[in-house]
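# Structural data only, the sequence is not supplied:
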């Protein structure tokens with residue numbers, strides 16, 4: 001009976017030891033499962049945060065950051081100006097005479113010496129020469145200034161002061177556009193309606209700070225010439241006055257109009 005009792009006691013001890021090992025292994029296994037579940041939840045949470053941050057960064061980049069599209073010099077959108085042909089009494093390109101034209105453009109009291117290149121932009125230059133001869137420009141306004149990190153320009157020649165295009169006068173094509181969207185300070189180029197190569201009119205813009213203006217689906221903007229003197233005075237006497245509402249794109253605080261335009 002004593003031997004049997006001892007044997008039973010040993011069996012119980014072995015059984016308890018097996019149970020202890022089993023419980024320990026089971027606890028480790030359950031801990032591993034719990035840790036894996038916790039890690040998976042954490043990974044999913046981090047992934048969602050990363051996605052949210054990337055999405056926010058992309059929205060900021062394209063709406064307010066460096067990816068924001070540069071404001072392009074253009075007319076108020078005219079839905080009717082879509083056909084690829086000249087409209088109105090557009091002069092022949094031969095009027096530009098394939099030569100450099102020199103002259104003076106006066107904005108308020110600021111006199112700018114200019115050159116127009118009839119060889120590289122004959123149709124646009126012919127239009128300007130003809131418009132000057134017909135006394136179009138004097139009295140028209142410079143209704144818009146753009147001043148951003150990547151562009152500085154003033155747009156002139158608006159008949160009604162709003163920048164709306166003239167539905168009775170438009171021409172193309174785009175000539176001598178800025179390479180890679182680059183328009184150096186002093187550039188004189190034609191404004192047009194976005195995505196329409198045959199929407200050049202009489203409005204033009206003067207670049208006072210080097211500008212990067214991306215092409216649209218129609219291309220770039222016709223460079224007709226350059227300012228050879230007076231650019232500093234333009235900046236100090238008109239541009240320095242700022243833009244209405246401290247905007248980057250809007251009407252100049254100092255009301256500006258073309259008071260003189262001669263060419264020879």
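Nice, thanks for sending it over. For clarity, every value in this text was computed on a predicted model and none was experimentally measured.

# Now stretch 117-125: buried residues?
Applying a neighbour-count criterion of 16 or more other Cβ atoms under 10 Å, one finds 117-118, 120-125 buried in stretch 117-125. For the C-beta atoms, the positions are set from N, CA and C on the backbone; glycine is no exception.

# and what of stretch 250-262?
250-253, 256-258, 261.

# Which residue ranges of the stretch 151-264 of the chain form helices?
231-237 (DSSP state H, counting those that start in this stretch).

# domains for the protein, by residue range?
Split into domains by automatic domain parsing, the chain comes to 1-68, 93-263.

# which one of those is the most hemmed in?
Across those, averaging neighbours per residue (mean count of other Cβ atoms under 10 Å) puts domain 93-263 on top, at a mean of 19.

# Endpoints of that one, how far apart?
End-to-end distance of domain 93-263 (Cα to Cα, to the nearest Å): 17 Å.

# re the thing from before, would you mind putting the domains of the chain into a markdown table with mean pLDDT alongside?
Formatted as a markdown table, these follow (pLDDT from 0 to 100):
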| stretch | mean pLDDT |
| --- | --- |
| domain 1-68 | 44 |
| domain 93-263 | 97 |
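
# Out of the ones you listed, which gets nearest to residue 87?
For residue 87, the closest of the domains of the chain is domain 93-263, at 4.3 Å, according to Cβ to Cβ.

# hmm, which two among the buried residues of stretch 117-125 are most spread apart?
117 and 123 (12.1 Å).

# What is the nearest of the buried residues of stretch 250-262 to residue 228?
Looking across the buried residues of stretch 250-262 and measuring by Cβ to Cβ, the closest to residue 228 is residue 261, at 15.2 Å.

# Contacts only, for that closest one.
103-106, 132, 137-138 (Cβ atoms under 8 Å, 6 or more residues apart in numbering).

# Equivalent analysis for residue 260, please.
Residue 260 neighbours (Cβ under 8 Å, 6+ apart): 104-106, 111, 138.

# redo that, cut-off 6 Å
Residue 260 is in contact with residue 106, counting by Cβ atoms under 6 Å, 6 or more residues apart in numbering.

# wait, isn't residue 192 in contact with residue 199?
Yes - with contacts defined as Cβ atoms under 6 Å, residue 192 counts as touching residue 199 at a distance of 4.4 Å.

# Distance to residue 85 for the domains of the chain - can I get that in a markdown table?
As requested, these are exported to a markdown table (distance: least, Cβ to Cβ, whole Å):
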| stretch | distance to residue 85 |
| --- | --- |
| domain 1-68 | 34 |
| domain 93-263 | 6 |
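
# residue boundaries of the strands in the stretch 151-264 of the chain?
151-156, 182-183, 187-190, 204-209, 211-212, 223-229, 249-250, 258-263 (DSSP state E, counting those that start in this stretch).

# Quick check: nearest residue in space to residue 137, chain neighbours excluded?
residue 261 (4.4 Å; Cβ to Cβ, 6 or more residues apart in numbering).

# for residue 145, phi and psi?
Torsion angles at residue 145 (phi, psi; degrees, to the nearest 10) stand at phi -130, psi 140.

# hey, what's it bridged with?
For residue 145, the beta-bridge partners are residue 154, residue 250 (DSSP bridges).

# Residue 119: what's it in contact with?
Per Cβ under 6 Å, 6+ apart, neighbours of residue 119: residue 98.

# what's the distance between it and residue 132?
18 Å (Cβ to Cβ, to the nearest Å).

# Okay, and which of the contacts of residue 261 map to strands?
Among the contacts of residue 261, DSSP state E puts 103-106 in strands.

# Can you tell me which of those is closest to residue 143?
Using Cβ to Cβ, these come closest to residue 143 at residue 105, 15.9 Å.

# Now do the contacts for that closest one.
Contacts of residue 105 (Cβ under 6 Å, 6+ apart): 112, 114, 261.

# If you drop the residues flanking it in sequence, what lies closest to it?
Closest residue to residue 105 apart from its sequence neighbours, by Cβ to Cβ, 6+ apart: residue 112 at 4.6 Å.
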